[in-house]
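Asker: Got a sequence here, can you build the structure:
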Amino acid sequence: MRKIIQVAAAAMVVAGPCAQLQAAEFQPNFTIISDDITYTVNADATYTKDETETLRLNTEQSVKQGSQISLRYSTSLEDLEVRDAYTTTKDGKRIDVTPDKIMEQQSAESAGAPMFDDSKVKTVIFPAIEPGSTITLSEHRTRRKAMFPGQFSEIEYFRDHSDVRSAVVTVRAPASLKLYMDAPGMNGGQVTSDKPDTQVWRWTLENKPAHAPELDSVSANDHSPHVAVTTFPSFAAVGAAYQERAAPKAAVTPAVQAQADLLTKGITDRKEQAEALYNWVSTHVRYVAITLEFGGVVPHDADAILKAEYGDCKDHVTLLEALLAAKGIKSTPVLLNSGNQYSLPGVAAPLGVFDHVITYLPDFKLYVDSTAGLARFGTLPGPELGKSGLVMDDGSGNAKIVELPNGTPDSAQDRTTTRITLNSDGDVKGTSEVESTGSLDWISREVFASLAPGVEPQIASRLMSVTGQNGTGSYQHGDMHDLTKPLAYRTEFQVPGYVQLPGPGATPVPAGLGSLNDLAFTFEGLGPERRDFAMPFLNRHVTETTIITLADGMTVPNLPKPVKIVSPFGTYSATYVADGRTITVTRDLVISKQSILVQPDEYPELRKLALAVTRDLRTQLLYN
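Answerer: Just a heads-up that it's a prediction; the model follows:
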């Protein structure tokens, strides 16, 4: 989605009489002074978790973030007790959190859809905090019911955007319980137990410095120390456990059959039937955002979801699965991460990794996400492309880790035709026609759907100002929720005094008000010279054709030379053609690579392409 980022000046240091300016060094918001976590696991995989954490607040931002800590839990699965909470001021004074400052309320998701979620939130409000003070929170959780019967699975991340002075993770479990571990960046392992029937594992992390976050990079979870502990021997076992309880919920009932028949009336092609069912679920079943961590991993019956017309991701998948099955079309759930986490732990620990469910249709080799709401049939939202997912049935009846499609330049296209007229006062007036497909179509729908009615002209002016155009504009587009066809849209714009006439002079090719996925947007975020972490970067094919009609008496005697760039990441070309008073500028970019992620050692080459393209976007027309 297009980002209009206003970067405020960070702290500047005046050094000496020459007033030399120096950029502020990164300072993490928090320092983890200590974090002591103990899991005591029972034979049936229920457990208790005790955690005491002390954080030092380093910045003004941390004061806002740390003034209150929210603890979410599922009332059907666990109990949560805050055993201690206090602030330690900079001068060492302890100030306890009083009971009236520990408040409990229903989660927003649960309040909006109580049938589907039972989670609550305890909020701890800390007194007398300021930069330099510390907060300490001690909590006790009792998991009364395992998320997966008989299976224990937890991950603790120590994200590297905070300093860690000391962290300890201890797991105590019956000796008979087989545990699988993954603890990169941590020290430790199995230690001597004080009881012969109990196994004890302990990992520590000490004096880990923080790393500045990198905008647009993968999640800190992908490169931070963590401890993953699970009883699942494989991800195939995770899939089997999920399906054991989820599959029966997708039973075809009379109500489901009737709805499927109604939605596919007159449609005989099976793929078109699947599309009609998907479109209906996407646009008629309200999505309530509940992750797999809360409310359990068992969806509701398809009948109940159909009647309520709302549900979370697993409910969406279940209802769609039932409707498809009613027409003899096979589908299967796929677990994945919906955020910017791309890696999987070295053991099969699903919770803390998978927080979302989508659908795979093996007959058509298509992945679809009805919870996206604005993604056309066969199109995945950008954040899901190229992810590792756990498909419940790979065709053999077994679950399997798969790589979701990355998208191709053919499947994600954006074509913009802009027509511009210059008058004798140097004013620009024009229109743009935009057509997008695939993930770029989804981005456009998301942007327009997020705007309040009447705000679009303001957004148009803001976008134009980013490219140095102080003008006005407007958008005209179709129904974002009509998933039967690509979303085409049109813009109109005016920029007074864009060109100084009469000449001679020079002007960049007017950008006007074009696509939300234009060439300039493609390379946002590629300013840093280097990166330490991978970043996702989508394949695409972007074409911009700008047709300029010059003002009377205005001539461009020498056109810029054509540009052709070949990169490991794709190709870029630009041509400039004159026909009387009309100049046509055609720019074409193809991004094509195997992986969704650009690794740090690949990044300089991508940045090289970005600099070359943006340099061409600044090409000027010399006129008389």
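Asker: and this structure, what are its domains?
Answerer: 30-232, 238-403, 413-623 (automatic domain parsing).
Asker: could you dump those domains to a markdown table with mean neighbour count?
Answerer: Just so you know, the C-beta spots here come from the backbone N, C-alpha and C atoms, and that holds for glycine as well. Listed next are those as a markdown table, based on neighbours: other Cβ atoms under 10 Å:
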| stretch | mean neighbour count |
| --- | --- |
| domain 30-232 | 17 |
| domain 238-403 | 20 |
| domain 413-623 | 18 |
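Asker: How much space separates the closest residue to residue 411 other than its chain neighbours from residue 170?
Answerer: The shortest distance from residue 411 to any non-neighbouring residue, by Cβ to Cβ, 6 or more residues apart in numbering, is to residue 438 (4.4 Å). From residue 438 over to residue 170 the distance is 47 Å, taken as Cβ to Cβ, to the nearest Å.
Asker: Equivalent analysis for residue 284, please.
Answerer: 48 Å.
Asker: Let's have the domains of the chain in TSV, adding mean pLDDT.
Answerer: Below are these laid out as TSV (pLDDT from 0 to 100):
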stretch	mean pLDDT
domain 30-232	92
domain 238-403	92
domain 413-623	94
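Asker: which residues sit in contact with the residue nearest to residue 411?
Answerer: Counting by Cβ atoms under 8 Å, 6 or more residues apart in numbering, residue 438 makes contact with 379, 407, 411, 412, 413.
Asker: can you tell me the helix or strand for residue 242?
Answerer: Assessed by DSSP states H and E, residue 242 sits inside helix 235-246.
Asker: Tell me the helices and strands packed up against that helix.
Answerer: Using 3 or more Cβ pairs under 8 Å, 6 or more residues apart in numbering; DSSP states H and E, the elements in contact with helix 235-246 are strand 332-336, strand 388-391, strand 400-403.
Asker: The same query, at a cut-off of 7 Å, please.
Answerer: In terms of contacts (3 or more Cβ pairs under 7 Å, 6 or more residues apart in numbering; DSSP states H and E), helix 235-246 is packed against strand 388-391.
Asker: what separates the strand it packs on from the chain centre, distance-wise?
Answerer: 17 Å (Cα atoms, centre = their mean, to the nearest Å).
Asker: Pairing partners for that strand, with directions?
Answerer: strand 332-336 (antiparallel), strand 400-403 (antiparallel) (DSSP bridges).
Asker: Break down the stretch 201-350 of the chain into its helices, ranges please.
Answerer: Under the criterion DSSP state H, counting those that start in this stretch, the stretch 201-350 of the chain contains helices at 235-246, 254-263, 270-284, 302-308, 313-326.
Asker: ok so, going back, TSV for the strands paired with strand 388-391, including distance to residue 306?
Answerer: Shown next, in TSV, are those (distance: least, Cβ to Cβ, whole Å):
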stretch	distance to residue 306
strand 332-336	17
strand 400-403	29
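Asker: Of these, which is nearest residue 497?
Answerer: strand 332-336 (50.4 Å; Cβ to Cβ).
Asker: Specify the angle between the very next helix or strand once past that closest one and helix 313-326 in degrees.
Answerer: The helix or strand immediately downstream of strand 332-336 is strand 356-361, counting by DSSP H and E. Angle of strand 356-361 versus helix 313-326, following axes from the mean of the first three to the mean of the last three Cα atoms, to 10 degrees, is 20 degrees.
Asker: Which other helices and strands does strand 356-361 contact?
Answerer: Packed next to strand 356-361, using 3+ Cβ pairs under 7 Å, 6+ apart, are helix 313-326, strand 332-336, strand 366-368.
Asker: Could you rerun that using 6 Å?
Answerer: On a contact count with 3 or more Cβ pairs under 6 Å, 6 or more residues apart in numbering; DSSP states H and E, strand 356-361 meets helix 313-326, strand 332-336.
Asker: Would you map the strands across the stretch 501-624 of the chain?
Answerer: 505-508, 535-536, 540-549, 563-567, 570-579, 582-591, 597-598, 620-623 (DSSP state E, counting those that start in this stretch).
Asker: Out of the ones you listed, which gets nearest to residue 463?
Answerer: strand 540-549 (14.7 Å).
Asker: who touches the closest one?
Answerer: Applying Cβ atoms under 6 Å, 6 or more residues apart in numbering, the contact partners of strand 540-549 are 409, 412-421, 509, 519, 581-591.
Asker: Extract the C-alpha trace of that strand and format it as PDB.
Answerer: C-alpha atoms of strand 540-549 as PDB (Å, rounded to 0.1, in the frame of the first residue of the first chain):
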ATOM      1  CA  ARG A 540       5.400  -7.000 -11.000                       C
ATOM      2  CA  HIS A 541       5.100  -5.400 -14.500                       C
ATOM      3  CA  VAL A 542       4.500  -1.600 -14.400                       C
ATOM      4  CA  THR A 543       4.000   0.300 -17.600                       C
ATOM      5  CA  GLU A 544       3.400   4.100 -17.700                       C
ATOM      6  CA  THR A 545       2.600   5.900 -21.000                       C
ATOM      7  CA  THR A 546       2.500   9.700 -20.800                       C
ATOM      8  CA  ILE A 547       1.200  11.600 -23.800                       C
ATOM      9  CA  ILE A 548       2.000  15.300 -23.600                       C
ATOM     10  CA  THR A 549       0.400  17.900 -25.900                       C
END
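Asker: between the helix holding residue 242 and strand 356-361, how many degrees?
Answerer: Using the same axes, to 10 degrees: helix 235-246 against strand 356-361 is 90 degrees.
Asker: Do a quick rundown of the strands in the stretch 101-250 of the chain.
Answerer: 102-106, 119-125, 134-143, 153-157, 163-174, 180-182, 187-191, 198-208, 226-230.
Asker: follow-up on the earlier one: now, the contacts of residue 438 that are in strands?
Answerer: The strands, defined by DSSP state E, take in residue 413 from the contacts of residue 438.
Asker: biggest separation within the contacts of residue 438, which pair?
Answerer: 379 and 413 (11.9 Å).
Asker: Who are the contact partners of residue 209?
Answerer: Residues near residue 209 by Cβ under 6 Å, 6+ apart: residue 163.
Asker: Please report how far it lies from residue 495.
Answerer: 49 Å.
Asker: Ok, residue 364 next?
Answerer: From residue 364 to residue 495 the distance is 46 Å (Cβ to Cβ).
Asker: swap in residue 584?
Answerer: 19 Å.
Asker: quick one, phi/psi of the residue lying farthest from the centre of the chain?
Answerer: Centroid-distance maximum for the chain: residue 553 at 51.0 Å, with Cα atoms, centre = their mean. With angles defined as degrees, to the nearest 10, residue 553 sits at phi 80, psi -10.
Asker: same deal with residue 424?
Answerer: Torsion angles, degrees, to the nearest 10, at residue 424: phi -70, psi -20.
Asker: Assess the claim that it and residue 551 are in contact.
Answerer: Yes. Under the criterion of Cβ atoms under 6 Å, residue 424 makes contact with residue 551 at 5.0 Å.
Asker: what's the span of stretch 616-624, first residue to last?
Answerer: 21 Å (Cα to Cα, to the nearest Å).
Asker: What ranges does the stretch 351-500 of the chain have for its strands?
Answerer: Here the stretch 351-500 of the chain has its strands, by DSSP E, counting those that start in this stretch, at 356-361, 366-368, 388-391, 400-403, 413-422, 428-436, 472-477, 488-495.
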